[in-house]
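**Student:** Provided below for reference: sequence and predicted model.
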Amino acid sequence: MTRRYTARAAVTATCGADGRTRLPRLRSDGPLALRETAPLDGATVYLVGAAAGPLGGDDLELELLVEAGARLTVRSAATTLALPGDGASRMTVRAEVGPGAHLDFAPEPTVAAAGCHHRAAADIALRGGATLRWYEELVLGRHREQPGRHTSRFDVTIDGVPLLRHELRLDDPAVYGSRAVLGDARAAGSVLLAGPGLTREPHTADGLAVLPLAGPGVLVTALAADSATLRRRLARGEELASRPEPAGSVGPGRYDARVTL
Amino acid sequence: MDTALLLLADSRLPAGGHAHSGGLEPAVSAGAVRDVAGLAAFLRGRLATSGLVAASLAAAACAHAARDEADGGADGAGWVVLDAEADARTPSPAQRAASRAQGRSLLRAARSTWPHPALAALPGDAHHPVVLGAATAAARGTPRDAASITAYGAVTGPASAAVRLLGLDPLSVHRALADLARAVDAVADEAAAHATGPWRDLPAASAPVLDLYAELHIRADLRLFES
């Protein structure tokens, strides 16, 4: 027997006259179960898996509306395990972040299990000085397992102008295993920070790149042999990215001469 | 086979392409590419990621230049929007700088070779694939031609650099390029399929290692190529 979910979950965060964020809409649907928890920063919502997966054939969508001045933090309770099933599975997140609002989206890692065919997409529209932290970790297969197919697409605009359009396509091992793309890394991740006060200097270290974008944002990308190392590298990159330094302070010591991947 | 397009695809076009290795030099420095087999694997990854993105931008630029010419205009605003789409697909500052440097050199060569309103309307520091697409339109090529020339350059440039950096046998390197020919054509087909759709939907395939190499390379003490 096959099971297919089509789910549309949604969160709306608003800022009250007292400056506190409230959630007038918190709609769970099927495997996308949402729970409001004690606030980390503004209102905090956890995605708690109400079913295994996503499995092939599932079509899941999460809509996040963060209205002017509100602050929303999104986390997940557990790793997402993309599994095979009947065709491709999809997980789409659409977010609109209003003037002066902030969205911090950092779920637990996604694991691309053997035989999966998963498509992740995130489409984020920032408006009028909105700020963003968007954190993603992808693990290529469970222990000693070849991953299935996993493609992700990430689009972020600020007042309609593209800040970042970024895909990671793991569909052909001859491509993603290339020493130009991921090499032999088993885990890949990124953090996008958008807003003012970020570094304008690129940094590199073992399996880590901190990349100031053409617009007001910094993309941190990391590769590693395992998820624990990946998380350490991303944390280091995020720290470097969020530290604005005075102009002209670039020293040769910041760049490791020898970098291994 | 159109001679104007052969001239545009030719590495002897005086557009400064020989100064760039497409990330191959830092890959060689890191020990990631040592021989022809390693080069072939590197090129396959580069082609499917930054090669596809560049080919798609070039195809879109070519279609835009032809459309704009038919409308009798010189749409400077459209070029700024497409150039921003290239920026958004190039997170590495070193790669953005290399792309704009190559764009400047190519624009100079193309303006004097194939005068065309689209080349006149382009900003002087436009990204390389955007200029290459507009130049293809100026040389009377199609968006598929622009994608093909761009995808071809995405592998032949680093391959020539590999011959110089590693002293590889040029015959073996050309055999590796011939083995990639169908993959180059497939990338050109995929890129051309997006040429007239919304620019926001153009491919954005990333290559995290190339991004890292680009940043390492720009700060390396000794380097033969600019990128």
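**Tutor:** Arrived safely. The model shown is predicted, which means the values in this text are computed figures rather than measured ones.
**Student:** show me the shaky parts of the chain.
**Tutor:** If you meant another chain, say so; for now it's chain A. A:1-2, A:245-261 (pLDDT under 70).
**Student:** if you could check chain B rather than the one you did, that'd help
**Tutor:** Those would be B:73-74, if you go by pLDDT under 70 across chain B.
**Student:** can you tell me the helix or strand for the residue in it positioned nearest to chain A?
**Tutor:** Closest contact between chain B and chain A, by C-beta to the nearest C-beta, is at residue B:45 (2.4 Å). Quick note: C-beta positions are derived from backbone N, CA and C, even for glycine. Residue B:45 is part of helix B:36-46 when elements are defined by DSSP states H and E.
**Student:** equivalent analysis for residue A:69, please.
**Tutor:** Remark: residue A:69 resides in no helix or strand, with elements defined by DSSP H and E.
**Student:** and if you look at residue A:162?
**Tutor:** Applying DSSP H and E, one finds residue A:162 within strand A:161-170.
**Student:** buried sites along that strand?
**Tutor:** A:162, A:163, A:164, A:165, A:166, A:167, A:168, A:169, A:170 (16 or more other C-beta atoms under 10 Å in any protein chain shown).
**Student:** how near is the nearest residue to the third one once chain neighbours are set aside to residue A:214?
**Tutor:** Nearest residue to residue A:164, sequence neighbours excluded (C-beta to C-beta, 6 or more residues apart in numbering or on different chains): residue A:156, at 4.7 Å. With distances taken as C-beta to C-beta, to the nearest Å, residue A:156 is found 12 Å from residue A:214.
**Student:** and the two? which has more neighbours close in?
**Tutor:** Between residue A:156 and residue A:214, counted using other C-beta atoms under 10 Å in any protein chain shown, the more crowded position is residue A:156 (25 against 18).
**Student:** which stretches of chain A form helices?
**Tutor:** Listed in chain order, the helices of chain A (DSSP state H) span A:173-176, A:227-241.
**Student:** for the first one, packing partners?
**Tutor:** Going back to what we said before, that points to helix A:173-176. The elements that helix A:173-176 packs onto, with contact taken as 3 or more C-beta pairs under 8 Å, 6 or more residues apart in numbering or on different chains; DSSP states H and E, are strand A:161-170, helix B:36-46.
**Student:** quick one: the first one to chain centroid distance?
**Tutor:** Spelled out, that is strand A:161-170. 12 Å (C-alpha atoms, centre = their mean, to the nearest Å).
**Student:** nearest to chain B: which residue in chain A?
**Tutor:** Per C-beta to the nearest C-beta, residue A:178 is where chain A lies closest to chain B, at 2.4 Å.
**Student:** how many neighbours does that residue have?
**Tutor:** Residues within reach of residue A:178, counting by other C-beta under 10 Å, total 26.
**Student:** contact partners for residue B:195?
**Tutor:** B:56, B:59, B:60, B:62, B:63, B:143, B:144, B:147 (C-beta atoms under 8 Å, 6 or more residues apart in numbering or on different chains).
**Student:** CSV for these, including secondary structure, neighbour count and distance to residue B:12?
**Tutor:** Converted to CSV, these look like this (DSSP: H, G, I helix; E, B strand; the rest coil; neighbours: other C-beta atoms under 10 Å in any protein chain shown; distance: C-beta to C-beta, whole Å):
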residue, secondary structure, neighbour count, distance to residue B:12
B:56, helix, 35, 26
B:59, helix, 32, 24
B:60, helix, 28, 27
B:62, helix, 31, 22
B:63, helix, 22, 27
B:143, helix, 28, 24
B:144, helix, 20, 23
B:147, helix, 36, 21
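**Student:** how about JSON lines for the residues you listed, with distance to residue B:133 added?
**Tutor:** Supplementary listing: these in JSON lines, determined by distance: C-beta to C-beta, whole Å:
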{"residue": "B:56", "distance to residue B:133": "9"}
{"residue": "B:59", "distance to residue B:133": "6"}
{"residue": "B:60", "distance to residue B:133": "7"}
{"residue": "B:62", "distance to residue B:133": "4"}
{"residue": "B:63", "distance to residue B:133": "8"}
{"residue": "B:143", "distance to residue B:133": "7"}
{"residue": "B:144", "distance to residue B:133": "11"}
{"residue": "B:147", "distance to residue B:133": "8"}
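**Student:** between these, which sits nearest residue A:127?
**Tutor:** Of all these, the one with the least separation from residue A:127 (C-beta to C-beta) is residue B:60, at 26.0 Å.
**Student:** hmm, that closest one is touching residue B:200, no?
**Tutor:** No - in this structure, residue B:60 is not within contact of residue B:200 by C-beta atoms under 8 Å, at 10.8 Å.
**Student:** please enumerate the shared neighbours of those two.
**Tutor:** Residues within reach of residue B:60 and of residue B:200 at once, by C-beta under 8 Å, 6+ apart, are residue B:85.
**Student:** which residues touch the residue found closest to residue A:187 once you drop the neighbours it is linked to in the chain?
**Tutor:** Among residues not flanking residue A:187 along the chain, residue A:230 sits closest, at 4.1 Å (C-beta to C-beta, 6+ apart). By C-beta under 8 Å, 6+ apart, residue A:230 lies in contact with A:137, A:187, A:188, A:189, A:222, A:223, A:224.
**Student:** run the last query once more with 10 Å
**Tutor:** For residue A:230, the residues meeting the contact criterion (C-beta atoms under 10 Å, 6 or more residues apart in numbering or on different chains) are A:109, A:137-139, A:185-189, A:207-208, A:222-224.
**Student:** can you tell me which of these has the most neighbours?
**Tutor:** residue A:222 (29 neighbours).
**Student:** surely it meets residue A:188?
**Tutor:** Yes - using C-beta atoms under 10 Å, residue A:222 is in contact with residue A:188, at 7.3 Å.
**Student:** for the stretch 1-150 of chain A, what lies in contact range of chain B?
**Tutor:** residue A:123 (C-beta under 10 Å from any C-beta of the partner chain).
**Student:** re the thing from before, ok, now which ones touch the residue nearest to residue A:164?
**Tutor:** Residue A:156 neighbours (C-beta under 10 Å, 6+ apart): A:95, A:97, A:122-126, A:132, A:134, A:162-166, A:192, A:194, A:213, A:215, A:217, A:219, B:88.
**Student:** pull out the buried members of those residues.
**Tutor:** Buried positions within the contacts of residue A:156, assessed by neighbour count (16+ other C-beta under 10 Å), are A:95, A:97, A:122, A:124-126, A:132, A:134, A:162-166, A:192, A:194, A:213, A:215, A:217, A:219, B:88.
**Student:** just the ones of the residues you listed in strands?
**Tutor:** With strands taken from DSSP state E, the overlap with the buried ones among the contacts of residue A:156 comprises A:95, A:97, A:122, A:124-126, A:132, A:134, A:162-166, A:192, A:194, A:217, A:219.
**Student:** burial of residue 96, as a residue count?
**Tutor:** In the absence of a named chain, this looks at chain A. Residues near residue A:96, counting by other C-beta under 10 Å: 18.
**Student:** wait, chain B
**Tutor:** A count of nearby residues for residue B:96, using other C-beta under 10 Å, gives 20.
**Student:** from residue B:215, how far out is it?
**Tutor:** Using C-beta to C-beta, residue B:96 is found at 11 Å from residue B:215.
**Student:** quick check: neighbours shared by those two?
**Tutor:** Shared contacts of residue B:96 and residue B:215, counting by C-beta under 10 Å, 6+ apart, come down to residue A:211.
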